[in-house]
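Peer 1: Sequence and computational prediction follow.
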Amino acid sequence: MKTRIKELRARHNLTQQQLADIVGVRRETIVFVESGKYNPSLKLAHQIAQTLHATIEEVFVFEA
């Protein structure tokens, strides 16, 4: 799954660590989600999207 997390984080001047702290996960989790190596739970996806002031669909690009 592709994400736009890095782009959206940059718009909000957030580091991976800051985003991780806000949503309550380790920075490594954000690294893996951002790089598409880990698919987040719906809860985490929602928290990330809310933090980045976006919808889940704007943050995560689901591929068939």
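Peer 2: Good, I have the coordinates. Numbering: from 1, shown residues only.
Peer 1: Residues in contact with stretch 22-33: which ones?
Peer 2: Residues external to stretch 22-33 that are found in contact with it (CB atoms under 8 Å, 6 or more residues apart in numbering): 3, 5, 14, 16-17, 19-20, 38-40, 44, 47-48, 51. C-beta: built from backbone N, CA, C; applies to glycine.
Peer 1: now those as CSV including secondary structure, distance to residue 31 and pLDDT?
Peer 2: Below are the contacts of stretch 22-33 laid out as CSV (DSSP: H, G, I helix; E, B strand; the rest coil; distance: CB to CB, whole Å; pLDDT from 0 to 100):
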residue, secondary structure, distance to residue 31, pLDDT
3, strand, 11, 95
5, helix, 10, 97
14, coil, 14, 98
16, helix, 6, 98
17, helix, 10, 98
19, helix, 10, 98
20, helix, 9, 98
38, coil, 9, 93
39, coil, 14, 93
40, coil, 12, 96
44, helix, 14, 98
47, helix, 16, 98
48, helix, 13, 98
51, helix, 16, 98
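Peer 1: pull the helix or strand with minimum mean pLDDT from this structure.
Peer 2: strand 60-61 (a mean of 91; mean pLDDT, DSSP states H and E).
Peer 1: Can you pull out the low-pLDDT segments for the chain?
Peer 2: 64 (pLDDT under 70).
Peer 1: quick one: which of the contacts of stretch 22-33 is nearest residue 60?
Peer 2: residue 3 (5.4 Å; CB to CB).
Peer 1: And the closest one, how far from residue 30?
Peer 2: Using CB to CB, to the nearest Å, we find residue 3 at a distance of 10 Å from residue 30.
Peer 1: With neighbour numbers in mind, choose between the two.
Peer 2: residue 30 (27 against 18; other CB atoms under 10 Å).
Peer 1: measure that one to residue 10 for me?
Peer 2: For residue 30, the distance to residue 10 equals 13 Å [CB to CB].
Peer 1: Likewise for residue 43?
Peer 2: From residue 43 to residue 10 the distance is 24 Å (CB to CB).
Peer 1: same thing with residue 33?
Peer 2: 16 Å.
Peer 1: Neighbour count for these two, which is higher?
Peer 2: residue 33 (25 against 10).
Peer 1: Correct me if wrong, but that one is in a strand.
Peer 2: No - using DSSP: H, G, I helix; E, B strand; the rest coil, the assignment for residue 33 is helix, not a strand.
Peer 1: Thanks a lot, catch you later.
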